[in-house]
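Participant: Dropping the sequence and predicted coords here.
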Amino acid sequence: MTAAVRAPAFLAGWLIAASAGLLALGVAVGSTGWEPLRDVAGAGQTILWEIRLPRSVGAWLAGALLGLAGAIAQGLFRNPLADPYLLGSATGAAFGVAVLLVTIGAAPAAATGWAALFGTTGAAFIGALAGVAATLAMARGVQHTLRLLLAGVIVGMVFGALAALMMFMAPDLLRTMQAFLLGTTGFLGWPGAVALGLSLTLSAAVAIGFSRSLDALALGETTAASLGVALGPVRMLLVGAMALATGAAVAHVGLIAFIGLMAPHLVRALAKPTHRWLLPLSALAGGVLLLAADVIARWLLAPRELPVGVVTAVLGGGYLLALMQRRPR
């Protein structure tokens, strides 16, 4: 095994070990802070299997989806500052949730009928898909990367303004929307974890399948085309994988800052891999980052719980500021 392969494989081992350790910590942190379950029978078994474990597993999967989406975005747009939310999926999800809350006139927990079945998750996912669809329509497909980026910025601003308008029309629902906008893993259960796992499997399979195309795109579109990369279909499939990963994560945990931006940077700083390794390693790093942030959010001010999006923003912002200071050029 060469050194170029050994370094990413070594990093993968460490990230898997960190994931297992954080999963153990996640199930040991309860509503009052550090609270390991000594009796796993009866009520303790319910708390472990129905509350803490699915929440921790779901948090890891959501982080993995954001890390994967960030790696796809940065490779596809050839920009190290590209973010999973570039195509309007995040603000689209926020708008979908706002429409649902205004329509039912209550918090999701108090909803009945079709609204209860539909739920915040369904509204967020459909809103995210609507945001990506609007971006693709404005950009007239995926043929032009710059046009796609500009369309994503415009759609993000429009959907963000519409979500703010919805909150202005129904100020009583502002607290519910705030929890979604700040990010939370508190509503994750086994159904959500299964949905996140399926989304991760599908989006990772597509992205890794086109990892060599991303390597070629890093050399420029002209070079990639000369190497036989079918730019249009490849872009479409990668945008679809990124939209699925981002939409699924946002639908279940809300808006989480910096995970998708920071995970690929950490991997490149430690291993400098090609996209064949960068994509799965970014997913592993994203899972570790979000699960660590979730444990901190539950434990730091227990019994009060911090919004996990606030923790990721503070940690991610600090990391990127340190990175800027270390590399001023």
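Facilitator: Arrived safely, thanks for sending.

Participant: Output the below-cut-off pLDDT ranges for this structure.
Facilitator: Counting by pLDDT under 70, the chain has low-confidence residues at 1-6, 31-33, 36-44, 105-121, 141-143, 327-329.

Participant: so which helix or strand takes in the residue most central in space within it?
Facilitator: Taking CA atoms, centre = their mean, the centroid of the chain lies closest to residue 66, which sits 2.7 Å from it. When elements are assigned from DSSP states H and E, residue 66 belongs to helix 53-76.

Participant: Could you pull out the buried residues of that helix?
Facilitator: By neighbour count with 16 or more other CB atoms under 10 Å, helix 53-76 contains the buried residues 53-76. From N, CA and C alone the C-beta is placed, and that goes for glycine too.

Participant: repeat for stretch 132-139
Facilitator: Those would be 132, 134-136, 138-139, for stretch 132-139 by 16+ other CB under 10 Å.

Participant: which among these gets closest to residue 19?
Facilitator: Distance to residue 19 across the buried residues of stretch 132-139 (CB to CB) is lowest for residue 132, with 28.7 Å.

Participant: sec struct for the residue lying closest to that closest one once chain neighbours are set aside, please.
Facilitator: Among residues not flanking residue 132 along the chain, residue 243 sits closest, at 4.2 Å (CB to CB, 6 or more residues apart in numbering). What DSSP: H, G, I helix; E, B strand; the rest coil gives for residue 243 is helix.

Participant: looking at it, residue 243 is touching residue 87, isn't it?
Facilitator: Yes - using CB atoms under 8 Å, residue 243 is in contact with residue 87, at 6.3 Å.

Participant: ok, residues contacting stretch 146-155?
Facilitator: For stretch 146-155, contacts defined as CB atoms under 8 Å, 6 or more residues apart in numbering pick out 77, 86-88, 91-92, 131, 134-136, 138-140, 142, 239.

Participant: Tell me which two of those residues sit farthest apart.
Facilitator: Among the contacts of stretch 146-155, the pair separated by the greatest distance (CB to CB) is 91 and 140, at 20.7 Å.

Participant: neighbour-wise, which of residue 243 and residue 87 wins?
Facilitator: Counted by other CB atoms under 10 Å, residue 243 and residue 87 do not tie: residue 87 has more neighbours, with 30 against 25.

Participant: could you list every residue that touches that one?
Facilitator: 131-132, 135-136, 148, 152, 155, 239, 242-243, 246.

Participant: Same check on residue 200?
Facilitator: Neighbouring residues of residue 200 by CB under 8 Å, 6+ apart: 61, 64-65, 68, 245, 248, 283.

Participant: Which member of these is positioned nearest residue 8?
Facilitator: Proximity of the contacts of residue 200 to residue 8 (CB to CB) peaks at residue 283, which lies at 12.8 Å.

Participant: Check the gap between that closest one and residue 170 for me.
Facilitator: 37 Å (CB to CB, to the nearest Å).

Participant: swap in residue 84?
Facilitator: 28 Å.

Participant: try residue 58
Facilitator: In terms of CB to CB, residue 58 sits 28 Å off from residue 170.

Participant: again with residue 304
Facilitator: Counting by CB to CB, the gap from residue 304 to residue 170 is 26 Å.

Participant: and what of residue 147?
Facilitator: From residue 147 to residue 170 the distance is 35 Å (CB to CB).

Participant: again, but for residue 73
Facilitator: According to CB to CB, residue 73 and residue 170 sit 33 Å apart.

Participant: swap in residue 194?
Facilitator: Counting by CB to CB, the separation of residue 194 from residue 170 is 32 Å.

Participant: Show me where this protein has its helices.
Facilitator: For the chain, helices defined by DSSP state H occupy the ranges 3-28, 43-47, 53-76, 89-104, 114-139, 145-169, 174-182, 190-209, 211-217, 221-226, 231-253, 259-270, 275-299, 308-326.
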